[in-house]
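In: Sequence and predicted structure are below.
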Amino acid sequence: MSRIGRKPVPIPKGVKIEISAKAITVAGAKGELTAALHPDVTVEVKGEEVLVTRHSDVKEHRSLHGLYRALIANMVKGVTDGFARKLELVGVGYRAEIKGKVLQLALGYSHPIIFRAPEGIKVEAPTQTSIMITGIDKQLVGLVAAKIRSFRPPEPYKGKGIKYEGEQIRRKAGKTAAAGGK
């Protein structure tokens with residue numbers, strides 16, 4: 001049996017969980033999230049816990065068992081605490097600023113890059129070289145962070161670009177002068 005799938009998801013105070021035939025809805029202080037349920041996975045609320053069970057030991061059912069338990073745990077954590085991702089801009093002249101509800105990036109191109117955050121995501125620029133992305137949906141926060149990072153991913157020679165906080169960039173050696181050339 002899946003070790004992750006077997007573990008019950010604790011329900012904190014102030015969180016409501018509603019389960020229908022095809023979807024699960026989790027509501028809390030920060031908002032409400034809904035996810036579709038696979039028909040081969042059963043989700044039930046027992047007391048202060050959510051239990052996920054599967055119908056058989058087929059490989060697909062085993063993988064869905066752990067997946068849906070993790071998705072429900074992320075939904076519960078999202079509506080109680082929320083998720084955040086921090087990006088850092090490395091490079092001379094690279095900067096970020098918020099203008100209204102739009103993120104404007106100067107990344108060494110001939111034009112500024114304008115990014116509008118999707119509904120439910122809050123993008124902040126605490127300093128000119130850092131971007132903070134927050135929201136209740138873990139997948140959407142990660143997707144927005146990856147999209148912003150894709151505008152100028154870090155390059156391996158000088159490390160310039162947009163990187164996740166704490167990300168280690170594998171550096172390469174640059175060109176060296178030839179010893180006996182003309």
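Out: Arrived safely, thanks for sending.

In: Tell me how many other residues surround residue 170.
Out: Counted by other C-beta atoms under 10 Å, the residues lying close to residue 170 total 7. (Glycine included, C-beta is placed from N, CA and C.)

In: ok, for residue 95, nearest residue in space, not its chain neighbours?
Out: Computed as C-beta to C-beta, 6 or more residues apart in numbering, the closest residue to residue 95 that is not its neighbour in sequence is residue 128, at 4.1 Å.

In: That neighbour touches residue 98, doesn't it?
Out: No. At 10.8 Å, residue 128 and residue 98 do not qualify as touching, with contact defined as C-beta atoms under 8 Å.

In: The longest helix seen in the chain - contacts with which helices or strands?
Out: In the chain, taking DSSP state H as the definition, the longest helix is helix 59-80. Judged by 3 or more C-beta pairs under 8 Å, 6 or more residues apart in numbering; DSSP states H and E, helix 59-80 is in contact with helix 3-6, strand 9-10, strand 23-27, strand 32-36, strand 41-46, strand 49-54, helix 138-150.

In: Pull the distance from the second one to the chain's centre.
Out: Taking C-alpha atoms, centre = their mean, to the nearest Å, one finds strand 9-10 lying 21 Å from the centre of the chain it belongs to.

In: What's the first helix or strand after that strand?
Out: Heading C-terminal from strand 9-10, the first helix or strand you meet, by DSSP states H and E, is strand 16-19.

In: Where do the domain boundaries of the protein fall?
Out: Residue ranges for the domains of the chain, per automatic domain parsing: 3-80, 83-164.

In: now residue 161, nearest residue through space, not along the chain?
Out: residue 154 (3.7 Å).

In: hmm, back to that, the residue nearest to residue 95: what's it in contact with?
Out: 89, 95, 96, 97 (C-beta atoms under 8 Å, 6 or more residues apart in numbering).

In: cool, and residue 126?
Out: Residue 126 makes contact with residue 132, according to C-beta under 8 Å, 6+ apart.

In: what helix or strand is it on?
Out: In the assignment (DSSP H and E), residue 126 maps to strand 121-127.

In: and residue 45, how many neighbours does it have?
Out: If you count neighbours by other C-beta under 10 Å, residue 45 ends up with 15.

In: hmm, which of the contacts of residue 128 are the buried ones?
Out: Neighbour counting over the contacts of residue 128 (16 or more other C-beta atoms under 10 Å) leaves 89, 95, 96 as the buried ones.

In: Secondary structure and pLDDT added to the residues you listed, as JSON lines?
Out: Converted to JSON lines, these look like this (DSSP: H, G, I helix; E, B strand; the rest coil; pLDDT from 0 to 100):
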{"residue": "89", "secondary structure": "strand", "pLDDT": "96"}
{"residue": "95", "secondary structure": "strand", "pLDDT": "95"}
{"residue": "96", "secondary structure": "strand", "pLDDT": "96"}
